[in-house]
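predicted model and sequence below, questions to follow.
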Amino acid sequence: MNKNQVKNQRRARIKRRIRSTIKGTADRPRLTVYKSSKHLYAQLVNDRLGHTLASSSTVSNDLSGELTGKTKSEAAKLVGDDLAAKAKEKGIDKVVFDRSGYRYHGVVKALAEGAREAGLDF
């Protein structure tokens, strides 16, 4: 196996371990993160019903004008702010953070800090 396959398998194991303990509910949905090499995606999920309650990403039209010339961490902070604003509109103020096997570092940390600063509690 090559290096990327090993990294992806490691992340998948960590993700399964995390998801065995973290569950999103209607009162406290799961804020999940996915990052590709270029973009970052975040969504609030109610696991009991299997519904996505709110989502935001670096490819969304809402943030397209604000992201020009920003670093990945700055963009992640804006995604966190945007997701928190959408959650507030739906009456959600408490979430459970699911880092999806990524280290709490860099863009994942910036997204979490942006969401916290915008008013989400986790």
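Arrived safely. Numbers count the residues shown, from 1 in each chain.

show me the strands in this protein, by range?
30-35, 40-46, 51-57, 96-98 (DSSP state E).

just send those strands back as TSV, with mean pLDDT and distance to Gly106 too.
For every residue, glycine as well, the C-beta is placed using N, CA and C. Formatted as TSV, the strands of the chain follow (pLDDT from 0 to 100; distance: least, CB to CB, whole Å):
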stretch	mean pLDDT	distance to Gly106
strand 30-35	96	9
strand 40-46	97	10
strand 51-57	96	17
strand 96-98	96	15
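
how about the ones you listed, which one is nearest Asp81?
Distance to Asp81, taken as CB to CB, is lowest for strand 51-57 among those, at 8.7 Å.

partner strands of the closest one and their direction?
strand 40-46 (antiparallel) (DSSP bridges).

got a list of contacts for the strand it pairs with?
With contacts defined as CB atoms under 8 Å, 6 or more residues apart in numbering, strand 40-46 is touched by 24-26, 29-35, 51-59, 72, 75-76, 79-80, 83, 86-87, 92, 95, 107, 111, 115.
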